[in-house]
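Trainee: My questions concern the predicted model and sequence given below.
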Amino acid sequence: MESLNSNQQISLTDKDGNTVVYNVLLTFKSTDFHKSYILIYPDGRPENQQVGVRAFALPPDEDPANPQSGDLMPIETQKEWDMVESVLNTFINPNE
């Protein structure tokens, strides 16, 4: 993660060196995994268009409400992915 601004956007550099801006969808802390997570999606997509959400773990002791370190970590296990997917589904469909 290169930067987080007050509009809840971050910019990442892809493998080709291009800067891509993402909107922060959700940040949360998991007591089961003792980690915080951030879910992001590409900026500039129409609201009704389906977009891919990317998820990362935040460094230890990072405040998920205000991440500032500039680092994102990969999600390491299938159990973590299952938990993140469950949180995302609950966020998107709160009545289900």
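Mentor: Happy to help now that I have it.

Trainee: all strands for the protein, in order.
Mentor: Secondary structure of the chain (DSSP state E): strands located at 3-4, 9-13, 19-30, 35-42, 54-57.

Trainee: so how far is the second one off the chain centroid?
Mentor: In other words, strand 9-13. Relative to its chain's centre, strand 9-13 lies at 11 Å (CA atoms, centre = their mean, to the nearest Å).

Trainee: cool, and stretch 62-71?
Mentor: For stretch 62-71 - counting by CA atoms, centre = their mean - the centre lies 11 Å from the chain centre.

Trainee: show me the contacts for the residue most central in space within the chain.
Mentor: Per CA atoms, centre = their mean, the C-alpha nearest to the average position across the chain is that of Leu39, at 2.0 Å. Shown in contact with Leu39 (CB atoms under 8 Å, 6 or more residues apart in numbering): Val24, Leu25, Leu26, Thr27, Val53, Arg54, Ala55, Val84, Leu88. C-beta coordinates here come from the backbone N, C-alpha and C atoms, glycine included.

Trainee: one step back: deepest in the core, which of the strands of the chain is it.
Mentor: strand 35-42 (a mean of 20; mean count of other CB atoms under 10 Å).

Trainee: ok, back up a step: could you dump the strands of the chain into JSON lines and include mean pLDDT and distance to Asn66?
Mentor: Supplementary listing: these in JSON lines, determined by pLDDT from 0 to 100; distance: least, CB to CB, whole Å:
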{"stretch": "strand 3-4", "mean pLDDT": "44", "distance to Asn66": "8"}
{"stretch": "strand 9-13", "mean pLDDT": "86", "distance to Asn66": "12"}
{"stretch": "strand 19-30", "mean pLDDT": "90", "distance to Asn66": "9"}
{"stretch": "strand 35-42", "mean pLDDT": "92", "distance to Asn66": "11"}
{"stretch": "strand 54-57", "mean pLDDT": "95", "distance to Asn66": "16"}
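
Trainee: This completes my enquiry, with thanks.
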